[in-house]
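J.: Just the structure for this:
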Amino acid sequence: MKFVKILTAVAFAVALTASLAVAADKKAPPGKVAGCCAKAAKDGKACDHACCVEAAKGNKNCEKCKGTNEEKKK
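T.: Residues are numbered from 1 along each chain as shown. Next up, the predicted model:
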């Protein structure tokens, strides 16, 4: 009986740790980054389009370049 309690406690701890790890990964900003900005980030640079620079100042994605600022609704 003691073994079952210990096993249950360990399983609960593992499940709790895994759920917290998954929740931590989902703190990415909502929306979709524009293609030009994603390509520039891949190269280690910042996008130099004037519209993207303006949007970045407001902590947003450039909607003119087909980025979105709203999270997808499920």
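
J.: Spatially, what comes nearest to residue 61 if we skip its sequence neighbours?
T.: Nearest non-adjacent residue to residue 61, counting by CB to CB, 6 or more residues apart in numbering: residue 67, 3.3 Å away. All C-beta atoms are positioned from the backbone trio N, CA, C, and that covers glycine.

J.: does that neighbour really touch residue 55, like I thought?
T.: Yes - contact criterion CB atoms under 8 Å: residue 67 and residue 55 qualify, at 7.4 Å.

J.: which neighbours do these two share?
T.: Contact criterion CB atoms under 8 Å, 6 or more residues apart in numbering; residues bridging residue 67 and residue 55 by contacting each: residue 61.

J.: Which residues are in contact with residue 48?
T.: By CB under 8 Å, 6+ apart, the neighbours of residue 48 are residue 40.

J.: What does it show for phi and psi?
T.: Dihedral pair for residue 48: phi -100, psi 10, per degrees, to the nearest 10.

J.: Same check on residue 44?
T.: The phi/psi pair for residue 44 (degrees, to the nearest 10) reads phi 80, psi 20.

J.: any idea how far residue 14 is from it?
T.: Here residue 44 is placed at a distance of 37 Å from residue 14 (CB to CB, to the nearest Å).

J.: Quick one: low-confidence residue ranges for this structure.
T.: Applying pLDDT under 70 to the chain picks out residues 16, 19-30, 71-74.

J.: Recalculate using a threshold of 50.
T.: Low-confidence segments of the chain, defined by pLDDT under 50, span residues 25-28.

J.: Could you find the closest non-adjacent residue to residue 53?
T.: residue 47 (7.3 Å).

J.: In contact with that neighbour, which residues?
T.: Residue 47 makes contact with 34, 36, 37, 40, 41, 53, 56, 62, according to CB under 8 Å, 6+ apart.

J.: can you dump the C-alpha coordinates of the helix or strand harbouring the second one into PDB?
T.: Going back to what we said before, that points to residue 36. Residue 36 belongs to helix 35-42 when assigned by DSSP states H and E. Provided in PDB are the C-alpha atoms of helix 35-42 (Å, rounded to 0.1, in the frame of the first residue of the first chain):
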ATOM      1  CA  GLY A  35       7.000  37.400 -43.700                       C
ATOM      2  CA  CYS A  36       9.600  40.100 -44.300                       C
ATOM      3  CA  CYS A  37      10.100  40.500 -40.600                       C
ATOM      4  CA  ALA A  38      10.400  36.700 -40.100                       C
ATOM      5  CA  LYS A  39      13.000  36.500 -42.900                       C
ATOM      6  CA  ALA A  40      15.000  39.300 -41.400                       C
ATOM      7  CA  ALA A  41      14.900  37.800 -37.900                       C
ATOM      8  CA  LYS A  42      16.100  34.500 -39.400                       C
END
